[in-house]
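A.B. asks: all I have is the shape, not the residue letters:
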């Protein structure tokens, strides 16, 4: 069926070109519309072309890289780098709404001016750049596939935006390099495009100092991408009264990546908010450029960890305009949230990390100790809310993890009953029996979680951990006193001795 449609579209193009020629050469004889179609169908095709043009779109043009002139994607009629066939001669200028195929032989650099395209296929990679000092853009309204990158022009004075407004998600990796202009980058669902179908779980972003922006089409919706890595900025674009609302970015990735940079930015209006959801079995680490003392979070919406793991390194910033702090956090069943830094909740938010039944908390970084600090909120923030069973991954020793709830209202809450909040301990290397370690410093002078709610996980018990939980200090400091610890060295010696003994016995028998 697809081949028939393509042939029909090609026939329409041939007929259109033939008719255009007849306007200038009146005595040009009539001809068969296409070699693949009989002449008696010409009238039917003429009528059919009129009726299908809006449904099938325009022609498919090929960028084959054999044009020796201006390597620009522009609607200027004198620039003709496009061909009507794969590998054909470049004789066509671009008409907005056409489908585009950038073939294996295409050039590595294409200068974008201002163009609209339906479907895009990039067979062997492409690099989009721009020229001049004005703003240029490429709007994708159909489907897209292949890998491409965005690179600043040699004069570093132009703006280039790629708008993914497609009817289906782009399938490929998009690399966004740093631009000297502030509004360059890729925009998901720009205002002119409406919905959020232009990206999905197969749309992967690598930022090399560039920008990924959520357009007005994401307001009240969720834009999905398949992975995020590199360094740069993820932010809202064009915050106006007409675009007020929450724009949610969902990172649905199965791989493990790290993003270092700015996650969130300065919206010009407080009623334009960004929210963030992590999905997929992979791990995403978001870290500030300046390490644990820097800031990574400048968005006011909710953060949800639905699947996999999300690790936040650094502190959520409160210096952004119209962002007093962050929204609430939620951790789903089997999902993990790790924090080495400070989460500051917004001044109008009853801030808390809500851990659903089966959720996991990991103060610190991946296989590294750290401190999870919660602060801010509207004065009623509980800090940690456990809805059922939960697990806390915790390293003990002279270098250890810690959880600190700074505000007096952050007394916590638990609904799972006895032994519902279980600790899985790791020895940093110097834990001894009888030591007491601080685990969670609740706010105020009291706490709202019964001591019996805390216990050791099956993994910790199986490894040989035992001890007692207690509230100490002014009644709000959860501590653990170790009575026994795993002895991996001793176990290894026993196993080694057994193996040696069995070898000696075997040799004597031989």
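C.D. replies: That came through fine. The structure presented is a predicted model; accordingly, all values stated were derived computationally and were not measured.

A.B. asks: mind naming the longest strand for this structure?
C.D. replies: strand 203-214 (DSSP state E).

A.B. asks: buried set for it?
C.D. replies: 203-207, 210-214 (16 or more other C-beta atoms under 10 Å). (Glycine included, C-beta is placed from N, CA and C.)

A.B. asks: report the mean per-residue pLDDT for that strand.
C.D. replies: Mean per-residue pLDDT for strand 203-214: 96.

A.B. asks: show me what that strand is packed against.
C.D. replies: Judged by 3 or more C-beta pairs under 8 Å, 6 or more residues apart in numbering; DSSP states H and E, strand 203-214 is in contact with strand 170-177, strand 185-188, strand 222-225, strand 227-236.

A.B. asks: which among the ones you listed is found nearest to residue 382?
C.D. replies: Residue 382 lies closest, by C-beta to C-beta, to one member of those: strand 222-225, at 26.9 Å.

A.B. asks: gap between the closest one and the chain center?
C.D. replies: Centroid separation for strand 222-225 versus its chain: 8 Å, with C-alpha atoms, centre = their mean, to the nearest Å.

A.B. asks: what does that strand rub up against?
C.D. replies: 169, 188-189, 196, 199-201, 203-205, 212, 214, 247-252, 277 (C-beta atoms under 8 Å, 6 or more residues apart in numbering).

A.B. asks: ok, now with 6 Å
C.D. replies: For strand 222-225, contacts defined as C-beta atoms under 6 Å, 6 or more residues apart in numbering pick out 188-189, 196, 199-200, 203, 205, 214, 248-252.

A.B. asks: ok, back up a step: deepest-packed of the helices and strands packed on strand 203-214, please.
C.D. replies: With neighbours defined as mean count of other C-beta atoms under 10 Å, those peak in mean count at strand 185-188, which reaches a mean of 27.

A.B. asks: list the neighbouring strands of that one plus their orientation.
C.D. replies: When sheet partners are counted by DSSP bridges, strand 185-188 sits next to strand 159-164 (parallel), strand 203-214 (parallel).

A.B. asks: hang on, residue 462 in a helix?
C.D. replies: Yes. With DSSP: H, G, I helix; E, B strand; the rest coil as the criterion, residue 462 is assigned to a helix.

A.B. asks: which stretches in this structure count as helices?
C.D. replies: Applying DSSP state H to the chain gives helices spanning 2-24, 42-56, 458-463, 488-509.

A.B. asks: now residue 99: how far from residue 62?
C.D. replies: Per C-beta to C-beta, to the nearest Å, residue 99 is found 10 Å from residue 62.

A.B. asks: higher neighbour count, these two?
C.D. replies: residue 62 (24 against 20; other C-beta atoms under 10 Å).

A.B. asks: tell me how far that one lies from residue 411.
C.D. replies: Using C-beta to C-beta, we find residue 62 at a distance of 66 Å from residue 411.

A.B. asks: from the contacts of strand 222-225, which is closest to residue 360?
C.D. replies: The closest of those, once distances to residue 360 are taken by C-beta to C-beta, is residue 251, at 18.2 Å.

A.B. asks: so that closest one sits right up against residue 226, yeah?
C.D. replies: No. In terms of C-beta atoms under 6 Å, residue 251 does not count as a neighbour of residue 226; the distance is 7.8 Å.

A.B. asks: a markdown table for the contacts of strand 222-225, including distance to residue 139?
C.D. replies: Listed next are the contacts of strand 222-225 as a markdown table, based on distance: C-beta to C-beta, whole Å:
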| residue | distance to residue 139 |
| --- | --- |
| 188 | 12 |
| 189 | 11 |
| 196 | 15 |
| 199 | 14 |
| 200 | 18 |
| 203 | 16 |
| 205 | 18 |
| 214 | 16 |
| 248 | 22 |
| 249 | 20 |
| 250 | 23 |
| 251 | 24 |
| 252 | 24 |
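
A.B. asks: specify which member of these is nearest to residue 108.
C.D. replies: For the contacts of strand 222-225, the nearest to residue 108 is residue 205 (20.2 Å; C-beta to C-beta).

A.B. asks: for that closest one, what are its contacts?
C.D. replies: By C-beta under 6 Å, 6+ apart, the residues touching residue 205 are 174, 212, 225, 228.

A.B. asks: change it to 7 Å
C.D. replies: Residues in contact with residue 205 (C-beta atoms under 7 Å, 6 or more residues apart in numbering) are 174, 176, 212, 225, 227-228.

A.B. asks: most widely separated two among the residues you listed?
C.D. replies: 176 and 227 (13.3 Å).

A.B. asks: in the stretch 51-200 of the chain, where is pLDDT below threshold?
C.D. replies: Scanning the stretch 51-200 of the chain for pLDDT under 70 picks out 51-57, 192-194.

A.B. asks: ok, now how distant is residue 183 from residue 137?
C.D. replies: Counting by C-beta to C-beta, the gap from residue 183 to residue 137 is 10 Å.

A.B. asks: quick one: which of these two has more around it?
C.D. replies: The neighbour comparison of residue 183 against residue 137 (other C-beta under 10 Å) goes to residue 137, with 19 against 14.

A.B. asks: what's the closest non-adjacent residue to that one?
C.D. replies: Nearest non-adjacent residue to residue 137, counting by C-beta to C-beta, 6 or more residues apart in numbering: residue 161, 4.3 Å away.
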